[in-house]
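> fold the stuff below for me.
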Amino acid sequence: MFDALSKTLESFPDAQRVLLIPPDFTRFHSGAGELCEIAWKILGDKVKIVLPALGTHFPMTESEIKKMFGSMPAGLVQDHDWRNGLTELGRISSQEMSQLSGGRLDYDWPVQVNKILVEEDWDLILSIGQVVPHEVVGMANYTKNILVGTGGKEAIDKSHFLGAVSNMEKVMGRADTPVRALFNLGADKFCKNLPIVYVQTVVAADKTGAPVMRGIFIGDDEECYQKAAALAQELNILLLDRAPRKVVVYLDPEEFRSTWLGNKSIYRTRMAIADEGELIVLAPGVHCFGESEEMDLLIRKYGYHGTDMTLDLVKKYPDMSDNLSVAAHLIHGSSEGRFKIRYCPGGLSRQDIEGAGFAFGKLDEYSEIYDIKTLKEGWNTLEDGEEIFYISNPALGLWALKEKFRDGAE
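Below you'll find the model as predicted:
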């Protein structure tokens, strides 16, 4: 990592003001925190601001900043506010949106970024992050890190809803999707004057489930993203020959505190689980649904009940049509009635979980049955003969039935 980043920075000998845009703690395993620390060690006080691409997520805590960025001064980190402090650079027209969405949507789309990117004079902006399967854009990062990670409510709402109506099974794990085309078009039309260099990592689990960086791609155009996406598709997508009837997913309490993020356990496995099967989510750190009070209230109010019901809610109720990213999240967090989802949270009650449309499980009870200390990644046969498929960190990949993933590409 040091050599790759150092060689890149040698190309900018006159850069005196540098902005770093890494992901937040929810991408702790991306290697982005370590890359930021390396950049700061090389550049010193030329690094003026570190702006985690929070999107709609909670701001990072002091302990998360320290753990993610090591010796880099915590005072460099500034919070992105997705509701305020934004600059609109331009708009993708409703005609362009209609073309990108196959005629499903006809609203225009704002290209928004945090005002720090344009109101201060930067010699270099390093956009750092991990390319990995993503439920909205297909493969995460690249232009998404800027236009969603530092974007505003309208941009996030509308782009996430585009992803939801584009059929998640045709989006997950694909490098080129309607949402990716939207982000790239926005960047090409309105961000060319920003001195952005993308640093893209690819991380995959080893045999023990531990994350290992397997590639780093650096450039100022789409080529570095496409190369990273190709490697991530090779390493982060596990295609199964048969569908497991029961999948058990563990959510690290440091990384997953809400179902907003914890539902990676659902959409990263949805294409793998058998009809009438069951997903068990061991979630000791999950204590809320949304990453803001407003989102949390909407999820509690309407719950995860699939595409048809959610689209009907959007038509009927202004609080849903005004919060399209929540509507998209409700679609992504459903099995569409195909299999049971049993959440075992550390900080939500049975009433909370069942009210949101999930089955409830007692965390201590299910943690004893499915002891993560004894489970290995993938297929396991328990002492009572039950066969399960275990995943220790859903953020590191996408699991799909081979024929279902292939059909989704058609």
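> residues contacting residue 90?
110, 111, 186, 189, 190 (C-beta atoms under 8 Å, 6 or more residues apart in numbering). All C-beta atoms are positioned from the backbone trio N, CA, C, and that covers glycine.
> that one in helix, strand or coil?
The three-state assignment at residue 90 reads strand, by DSSP: H, G, I helix; E, B strand; the rest coil.
> tell me the pLDDT of it.
Per-residue pLDDT puts residue 90 at 97.
> what's across from it in the sheet?
residue 111 (DSSP bridges).
> distance of it from residue 188?
As judged by C-beta to C-beta, to the nearest Å, residue 90 and residue 188 stand 11 Å apart.
> likewise residue 218?
Residue 218 is 19 Å from residue 188, by C-beta to C-beta.
> again, but for residue 232
According to C-beta to C-beta, residue 232 and residue 188 sit 22 Å apart.
> who has more neighbours, the two?
Neighbour tally, residue 232 and residue 188, criterion other C-beta atoms under 10 Å: the higher count belongs to residue 232, 28 against 12.
> now for the particular helix or strand that has the more buried one in it, which elements pack on it?
In the assignment (DSSP states H and E), residue 232 maps to helix 222-236. For helix 222-236, the packing partners by 3 or more C-beta pairs under 8 Å, 6 or more residues apart in numbering; DSSP states H and E come out as strand 138-139, strand 196-205, strand 211-219.
> what's next to that helix, contact-wise?
The contact list for helix 222-236 (C-beta under 8 Å, 6+ apart) reads 131-133, 139, 141-143, 173, 175, 184, 198, 200-202, 204, 214-215, 217-218, 396-398.
> can you tell me, leaving aside adjacent residues, what's nearest to the residue most central in space within the chain?
Among the residues of the chain, the one closest to the centroid is residue 134, at 5.7 Å (C-alpha atoms, centre = their mean). In space, and not counting its chain neighbours, residue 134 is closest to residue 140: 3.9 Å by C-beta to C-beta, 6 or more residues apart in numbering.
> for stretch 24-42, what is the distance to the chain centroid?
16 Å (C-alpha atoms, centre = their mean, to the nearest Å).
> show the pLDDT at the residue nearest to residue 133 when sequence neighbours are not counted.
Leaving aside its chain neighbours, residue 133 sits nearest to residue 398 (3.8 Å; criterion: C-beta to C-beta, 6+ apart). Here, the pLDDT recorded for residue 398 equals 95.
> where does residue 398 fall, phi/psi-wise?
Main-chain torsions, residue 398, degrees, to the nearest 10: phi -140, psi 130.
> can you get me a residue count around it?
26.
> for it, give the beta-bridge partners.
Beta-bridge partners for residue 398, by DSSP bridges, are residue 237.
> which residues touch the residue nearest to residue 134?
Applying C-beta under 8 Å, 6+ apart, we find residue 140 in contact with 129, 130, 131, 132, 133, 134.
> can you pull the pLDDT of it?
Reported pLDDT for residue 140: 95.
> go on, the one 3 residues further on?
The per-residue pLDDT reported for residue 143 equals 97.
> equivalent analysis for residue 110, please.
Residue 110 is given a pLDDT of 97.
> can you give me the strands for the stretch 151-300 of the chain?
196-205, 211-219, 237-240, 246-250, 278-283 (DSSP state E, counting those that start in this stretch).
> mean pLDDT added to those, as JSON lines?
Converted to JSON lines, the strands of the stretch 151-300 of the chain look like this (pLDDT from 0 to 100):
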{"stretch": "strand 196-205", "mean pLDDT": "94"}
{"stretch": "strand 211-219", "mean pLDDT": "94"}
{"stretch": "strand 237-240", "mean pLDDT": "95"}
{"stretch": "strand 246-250", "mean pLDDT": "98"}
{"stretch": "strand 278-283", "mean pLDDT": "98"}
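> ok so, going back, what angle separates the helix holding residue 232 from strand 211-219?
Between helix 222-236 and strand 211-219, the angle comes out at 160 degrees (axes from the mean of the first three to the mean of the last three C-alpha atoms, to 10 degrees).
> show me what counts as buried in helix 222-236.
For helix 222-236, the neighbour count (16 or more other C-beta atoms under 10 Å) marks 222, 224-233, 235-236 as buried.
> do the same with stretch 92-99
92, 96, 97.
> the last one: what secondary structure?
Assigned with three-state DSSP, residue 97 falls in the helix class.
> please report how far it lies from residue 165.
From residue 97 to residue 165 the distance is 11 Å (C-beta to C-beta).
> quick check: neighbours shared by those two?
By C-beta under 8 Å, 6+ apart, the residues touching both residue 97 and residue 165 are residue 105.
> returning to what we had before: okay, the strands of the stretch 151-300 of the chain in JSON lines with distance to residue 101 and mean neighbour count next?
JSON lines is the format used below for the strands of the stretch 151-300 of the chain (distance: least, C-beta to C-beta, whole Å; neighbours: other C-beta atoms under 10 Å):
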{"stretch": "strand 196-205", "distance to residue 101": "25", "mean neighbour count": "24"}
{"stretch": "strand 211-219", "distance to residue 101": "28", "mean neighbour count": "18"}
{"stretch": "strand 237-240", "distance to residue 101": "25", "mean neighbour count": "18"}
{"stretch": "strand 246-250", "distance to residue 101": "31", "mean neighbour count": "23"}
{"stretch": "strand 278-283", "distance to residue 101": "30", "mean neighbour count": "24"}
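> could the contacts of residue 140 go into JSON lines alongside pLDDT and distance to residue 299?
Shown next, in JSON lines, are these (pLDDT from 0 to 100; distance: C-beta to C-beta, whole Å):
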{"residue": "129", "pLDDT": "95", "distance to residue 299": "26"}
{"residue": "130", "pLDDT": "95", "distance to residue 299": "26"}
{"residue": "131", "pLDDT": "96", "distance to residue 299": "28"}
{"residue": "132", "pLDDT": "94", "distance to residue 299": "24"}
{"residue": "133", "pLDDT": "93", "distance to residue 299": "23"}
{"residue": "134", "pLDDT": "93", "distance to residue 299": "20"}
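> perfect, that will be all.
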